[in-house]
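# the sequence and its predicted three-dimensional model are supplied below.
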Amino acid sequence: METITSVQNSRVKSWQKLQTKKGRQASKTYLLDGWHLVQEAIQHEGKLHAIMATPEQLAEHQEALPLGVPVFEITTDIAKKLSDLVTPQGIFAEVSLPTATREPRFIHDGAWLFLDAIQDPGNIGTMVRTADAAGFAGVVFGNGSVDPYSPKALRAMQGSQFHMTLTTGDLQDWTAAFTQNDINVYGTQLDPEAADLFTIPAQSQFALIMGNEGQGMAADLAKMTTKNLYIPLTGDAESLNVAVAAGIAMFALKAR
């Protein structure tokens with residue numbers, strides 16, 4: 001085990017770069033911050049390149065660390081450099097980004113969440129975690145959606161990226177492939193012609209599109225769906241947060 005004490009160390013600088021999308025794309029890896037996320041990667045066979053921890057965290061979790069993965073002891077100052085939190089736990093892991101891409105025409109099973117230009121990483125992470133909880137097979141990040149491997153998105157996911165398929169793609173292609181294979185694709189839309197979500201029977205195989213926080217689902221996608229849905233509101237609020245709306249829709253549509 002190597003001990004690193006300087007924030008100017010070359011490894012530390014490389015790990016710091018993983019806080020940015022450019023850095024993650026260059027290295028094909030991303031950074032997990034905190035024991036829960038590191039533990040999820042270990043338990044679900046994430047491809048770990050390194051584990052970095054303060055002496056206190058190493059003492060607490062040494063027996064749970066996998067064999068064959070390089071472990072680096074770091075200082076509290078280095079931990080603060082690697083985290084965007086004010087008081088990080090002090091344990092991190094560098095993990096491979098997923099490399100496999102999925103072709104929509106080969107998808108035949110399960111429920112899928114399509115995200116159309118979702119901009120807030122907290123919303124992204126919350127929707128992935130909720131899709132995992134609802135038993136969805138995967139999430140497709142459409143054009144314009146924020147990077148799901150940013151620190152804020154990863155904290156909101158709470159490790160759900162290890163439980164299901166996450167991929168990127170053109171949602172027009174995915175929607176067309178699903179509907180051509182007689183798989184329902186439901187959009188979400190505040191529109192008089194949309195159907196009440198709660199009138200749609202629960203099912204095991206479908207896709208649900210959630211649109212941008214401010215603009216909603218793209219008009220071209222809205223024309224391609226099997227049906228567009230709305231959530232009836234009984235209070236005075238004009239709308240719901242997109243992640244909250246997605247959670248309601250996923251649990252309402254997914255057969256259990």
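Looks like it arrived, so ask away. Numbering: from 1, shown residues only.
# got any ranges where the protein has weak pLDDT?
Low-confidence segments of the chain (pLDDT under 70): 100.
# let's see that with 80 instead.
Counting by pLDDT under 80, the chain shows low-confidence ranges at 99-103, 105-108, 192.
# where do the helices sit along the stretch 101-250 of the chain?
Using DSSP state H, counting those that start in this stretch, the helices of the stretch 101-250 of the chain run over 121-133, 151-157, 171-180, 219-222, 242-253.
# walk me through the domains of this protein.
Taking automatic domain parsing as the reference, the chain has its domains at 2-96, 104-253.
# related to what we said a few turns ago, residue 196 is nearest to which of the helices of the stretch 101-250 of the chain?
helix 242-253 (10.3 Å; Cβ to Cβ). For every residue, glycine as well, the C-beta is placed using N, CA and C.
# hmm, who's touching the closest one?
By Cβ atoms under 8 Å, 6 or more residues apart in numbering, the residues outside helix 242-253 that reach it are 111, 113, 118, 122-123, 126-127, 130-131, 134, 136, 186, 188, 197-198, 200, 202-203, 206, 208, 210-213, 229, 231, 240.
# repeat that with 7 Å
113, 118, 123, 126-127, 130-131, 134, 136, 186, 188, 197-198, 200, 202-203, 206, 208, 210, 213, 229, 231 (Cβ atoms under 7 Å, 6 or more residues apart in numbering).
# ok, stretch 154-166 next?
With contact meaning Cβ under 7 Å, 6+ apart, stretch 154-166 is reached by 32, 36-37, 40-41, 44, 46, 98, 102, 122, 125-126, 128-129, 131-132, 136-139, 148.
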